[in-house]
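**Student:** Curious how this folds, go ahead:
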Amino acid sequence: MTPDQIRLVQDSFRQVVAIRVAAAALFYERLFAINPDLRALFPVTDMTKQGAKLMASLGFVVHGLDRADTILPTVRVLARRHVAYGAKEHHYPIVGQALIEALAAGLGEAFTPAVRDAWETAYGLLASVMIAAAREDQLAA
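**Tutor:** Just a heads-up that it's a prediction; the model follows:
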């Protein structure tokens, strides 16, 4: 990611934090609309608490984008945890689509093409690290 992309993601995330409960609800609404089967991965989950976890994880990653080496070990652990929850590699594009759609809805006009591109790049990097970590675990098993 370029420094400008990192700044755009971090600046826009500050706006997301202000609407974090609604943003998380938008994300899960979009996720389950895109692929209703994913609802089964959250069988008895309190979605408000789940949304808070989502926002905390996003915050951790977003704030660490300018020092990726410090967040990558935690991202790999997060990936392994998601495998245990039933996440599959083919879910990552769906999650990315839901995230971008939720951000677009939540941020409105502030979600400019440059901000969208920055978020897509950030999510692509995050997803690739998580997928690689999940594959490593599968090979080790």
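
**Student:** Let me know the secondary structure of the residue nearest to residue 95 when sequence neighbours are not counted.
**Tutor:** Of all residues beyond its chain neighbours, the one nearest residue 95 is residue 31 (6.6 Å), with distances taken as Cβ to Cβ, 6 or more residues apart in numbering. Yep, even glycine has a C-beta here, placed from its N, CA and C like the rest. Classification of residue 31 using DSSP: H, G, I helix; E, B strand; the rest coil returns helix.

**Student:** Give me the neighbour count for residue 31.
**Tutor:** 22 (other Cβ atoms under 10 Å).

**Student:** And for the one 5 residues further on?
**Tutor:** The burial count assigned to residue 36 is 9, neighbours taken as other Cβ under 10 Å.

**Student:** next one: residue 11
**Tutor:** Residue 11 sits with 13 neighbouring residues when counted by other Cβ under 10 Å.

**Student:** Give me every residue in contact with the helix or strand hosting it, excluding its own residues.
**Tutor:** Assessed by DSSP states H and E, residue 11 sits inside helix 3-18. Contact with helix 3-18 is made by 1, 23, 55, 58-59, 62-63, 65-66, 103, 106-107, 110-111, 114-115, 117-119, 121-122, as judged by Cβ atoms under 8 Å, 6 or more residues apart in numbering.

**Student:** relative to helix 3-18, how tilted is the longest helix along the chain?
**Tutor:** The helix that spans the most residues within the chain, counting by DSSP state H, is helix 113-140. Helix 113-140 and helix 3-18 meet at an angle of 90 degrees, taking axes from the mean of the first three to the mean of the last three Cα atoms, to 10 degrees as the criterion.
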